[in-house]
Structure formats: C-alpha cells, structure tokens
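1. Below is the sequence, then the predicted model.
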Amino acid sequence: MPPVAAEQQKFTGHIGSLSPQQEEILEKFREELKAEGVFVEKRHDDACLLRFLRARKFDLVKAKKMIIDSENWRKEFGVDELVRDFEYTERDEVMKYYARYYHKTDKEGRPIYIEEIGKVDIKALYKITTLERQIQNLVVEYEKLADIRVPACSVKAGKLIETSCTILDLKGVSIRSFSNVFGFVKQASNIGQNYYPERMGKFYIINAPMLFSSVWNLVKPMLDEVTAAKIVIINNKYQSTLLEAIDAENLPEKFGGTCKCVGGCELSDDGPWQESEYTNGVSHNHANE
C-alpha cells in the first residue's frame, strides 16, 4: 500500500486523528505482524504501531521492516533481561561528569529530559563506568519512559502522552569536548531513531556557542526531517523560551526556573512517575526505580 497522500496530512496519524486510509493501514499492519508471528501483545498497542507508521510516513512495507528490525535488535541486545537485571550503581557518580536525567513535566504534560553535555569529563567518566554500560542505561531509560514515565504523565494530564521535552545544555562545550562523546551520541541517536521512534516532542538546545553550526552539521545527518523540525537552538538568552514551555516550579533554578530539589534536581527523578496516584497499574518491572 502506498504512503498516505499529502492532502491527507491534516490527519496527524495519532489515535483520534486518523484518515480512513491511515485506519486501514493500521489494521493491515497489525494483521500482518500477527500473521508473521512478530506481534507482541503487551507492547504493540495501537499507539506503538502508529509511532512506527508515522516514523515511516505510513509506508506499510517500511514500517513493517522497521518494527521487525526493532524486535530482532531487542532479542540480540537482550532488552527484557537488561530491564530486569540492570543495576545502575554508578549513577550518582556519573551525574558529576555527564548529567543526563528526567525531571518533572512541561506545560504539555510531557516528561522533561535534561542533558548537560558541556560538563562532560570523559576521562573521569570512564574511570567509573564504560561506554557499554552507558548504552545499556540509555536503553533501560527508554524502556522506563515507555512503561512508567509517559503512562504516569498520561494519567496526570488526562490525555495520551507519548513524547518527552528535551533540554540539551551546551554550556562550556567545545568541538573537542563534543568529539569525546560523539561515539555515545551517535549510538544513542541510532537507538532512539530506529528502535524507539516518535518519542521526541520538543528539543531545546541551549547555550549554543557561535561555532555550534559546525557541530550541528555533524549531528543533523543522523536525524530525519521530522525530528530536525522539532529542534530549537538558542544561545544563552534561553530562559524566556523555556519558561513559555515549562512552568517555573518544574524547571531547575540553574535554567531560569524556581525548582531546587533536595540533593539536586539531577538526582531527584521527580515527576508523576514517582507519585502513587498516577502509577497505579503502571508496570514496575525495572530495577533501580
């Protein structure tokens, strides 16, 4: 079946906004996955299938290849076992040298993910962890996003939340410091795009230095056009832009908000996913909750 015609793109391809053709493709997609023994009941709900379809612009053949490749990768990588057994014992130490964390929600109800790439100390980082463990933690966090974070955010918001709001802080970054983590960033981008599609909502790159365009030219080819369109690049005058999207009490003080979590926002993991009223019935099969 051919991709959806351009004039039908007023339909977003999300649940509740499907054209008749998109509905038909979704149904066929599900049937073909079941026929080929690829369909996984607990993960492949309509929202999941639609994420793969949107990622391939409702081209059924391409979406099917994408989800089959994803299932094969999950088996090879041992995702289910990793989620069950992984213990991120070095987390607090890692945060000192490469802070990557979830913290509360934006005004749309999406979990906020913050990454402070400018502070990276690769030498110190790999004295306490390895690239392999950082990739494993990345995958566990993607699984927690799907199984715990966005379901809890959906309950709190009273609507389906599927994506996150990302803040990438480049304060202090240089071409050299970025090149030190380029291997991780490249692997992370590949995993996100190919195996966890359509999880990016808005992506704010803040404290972007004047020479950032050269770094951006390295990263941009890894991203598809839809993903690139979600990215907002701002210099050090970013506070008002972030506060348009995030309530001050949900934004860490160092980024222009008023939040001061005890022990530091980067270690709090504060959000609806920590509140029992929003997590009843939500999966908690992860170590290190």
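-> That came in fine, so what should we check first? Please read all numbers here as calculations on a predicted model, not as lab measurements.

2. Nearest residue to Lys220 in space, please, no chain neighbours.
-> Ala228 (6.1 Å; C-beta to C-beta, 6 or more residues apart in numbering). Where you see a C-beta, it was placed from the backbone N, CA and C, and this is true even at glycine.

3. Helix, strand or coil: sort out that neighbour for me.
-> helix (DSSP: H, G, I helix; E, B strand; the rest coil).

4. Show me what the helix or strand that Glu27 is a member of is packed against.
-> Per DSSP states H and E: Glu27 is located in helix 20-35. For helix 20-35, the packing partners by 3 or more C-beta pairs under 8 Å, 6 or more residues apart in numbering; DSSP states H and E come out as helix 46-55, helix 60-77.

5. Hmm, the residue nearest to Lys220 is touching Val219, no?
-> No. Judged on C-beta atoms under 8 Å, Ala228 makes no contact with Val219 at a distance of 9.3 Å.

6. Mind listing the shared neighbours of these two?
-> Residues touching both Ala228 and Val219 (C-beta atoms under 8 Å, 6 or more residues apart in numbering): none.

7. between those two, who's got more neighbours?
-> Neighbours were counted for Ala228 and for Val219 using other C-beta atoms under 10 Å; Val219 has more, 17 against 14.

8. Please name the residues that touch that one.
-> Val219 touches Val185, Ser189, counting by C-beta under 8 Å, 6+ apart.

9. so how far is Lys104 from it?
-> To Lys104, Val219 is 26 Å away according to C-beta to C-beta, to the nearest Å.

10. What ranges does the stretch 51-200 of the chain have for its helices?
-> Applying DSSP state H, counting those that start in this stretch to the stretch 51-200 of the chain gives helices spanning 60-77, 79-85, 91-97, 122-128, 131-144, 150-157, 175-180, 182-195.

11. and of the ones you listed, who's closest to Ile233?
-> helix 175-180 (14.3 Å; C-beta to C-beta).

12. which residues does Val173 contact?
-> Ile117, Gly118, Asn207, Pro209, Val215.

13. How about the third one, nearest residue that isn't a chain neighbour?
-> Think Asn207. In space, Asn207 is closest to Lys171, 3.9 Å off (C-beta to C-beta, 6+ apart).

14. so who does that neighbour touch?
-> Contacts of Lys171 by C-beta under 8 Å, 6+ apart are Glu116, Gly118, Lys119, Ile206, Asn207, Asn236.

15. Pick out whichever of these sits closest to Lys28.
-> Ile206 (42.4 Å).

16. And the pLDDT at the closest one?
-> Ile206 is assigned a pLDDT of 94 by the prediction.

17. Also Ile117?
-> 87.

18. Quick check: the gap between it and Asp59.
-> 34 Å.

19. out of the contacts of Lys171, which are inside strands?
-> Here DSSP state E is the test, and the contacts of Lys171 give Glu116, Ile206 as lying in strands.

20. Among the contacts of Lys171, which pair sits farthest apart?
-> Lys119 and Asn236, at 15.3 Å, using C-beta to C-beta across the contacts of Lys171.

21. more neighbours, those two?
-> Set Lys119 next to Asn236 and count neighbours by other C-beta under 10 Å: Lys119 wins out with 16 against 11.
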